[in-house]
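# Sharing a model that was predicted from the sequence below.
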Amino acid sequence: MAAVITDDHGRALLIQHADHHHWEPPGGVLELNESIEDGLRCEAREEPVSTSTRPAHRHLQDMTRGIIALVFRRKITGGNLAPNDETAAFRWASEHDIRELATEAYAIRVLDALSPRTSPVIRHHDGVHLL
């Protein structure tokens with residue numbers, strides 16, 4: 001699950017993971033018996049930013065591992081961004097920045113969510129590249 005959080009300038013929030021240093025949208029894996037709403041609230045707390053939630057916006061499927069990723073578009077409403085044990089850095093990224101910083105499989109999640117389309121998009125990837 002990932003949250004594409006946008007600011008008033010149409011930029012998306014990317015986080016740089018402290019362990020592998022890749023740039024990705026905030027997100028994580030749902031725990032057993034955890035609702036999507038609870039998981040999103042938990043991720044928002046971990047990424048110290050408050051947002052309003054909209055329904056699932058995009059879907060991607062990692063064909064090599066059988067993983068389905070739900071991508072939610074959210075709007076920032078407040079909070080302070082600060083590095084923590086999981087996040088080394090934050091960046092408000094333009095579409096160009098997203099393409100430069102994130103791997104193809106993560107960049108397309110963000111770019112699809114930023115698009116004006118209202119119907120879900122299903123993308124197949126191997127965890128890094130689109131198939």
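Structure's in. What do you need?

# quick one: buried residues of stretch 110-121?
Within stretch 110-121, the residues that count as buried by 16 or more other Cβ atoms under 10 Å are Val110, Leu111, Asp112, Ala113, Leu114, Val121. Yep, even glycine has a C-beta here, placed from its N, CA and C like the rest.

# Ok, stretch 94-113 next?
Neighbour-count burial for stretch 94-113 [16+ other Cβ under 10 Å]: 97-98, 101-102, 105-113.

# ok, for the most centrally placed residue in the chain, nearest residue in space, not its chain neighbours?
Nearest residue to the geometric centre of the chain (Cα atoms, centre = their mean): Pro25, 3.0 Å. Among residues not flanking Pro25 along the chain, Ala2 sits closest, at 4.5 Å (Cβ to Cβ, 6 or more residues apart in numbering).

# The one you found contacts Gly27, correct?
Yes. Counting by Cβ atoms under 8 Å, Gly27 is a contact partner of Ala2 at 3.4 Å.

# Could you name every residue contacting both of those two?
Common neighbours of Ala2 and Gly27, using Cβ atoms under 8 Å, 6 or more residues apart in numbering, are Ala69.
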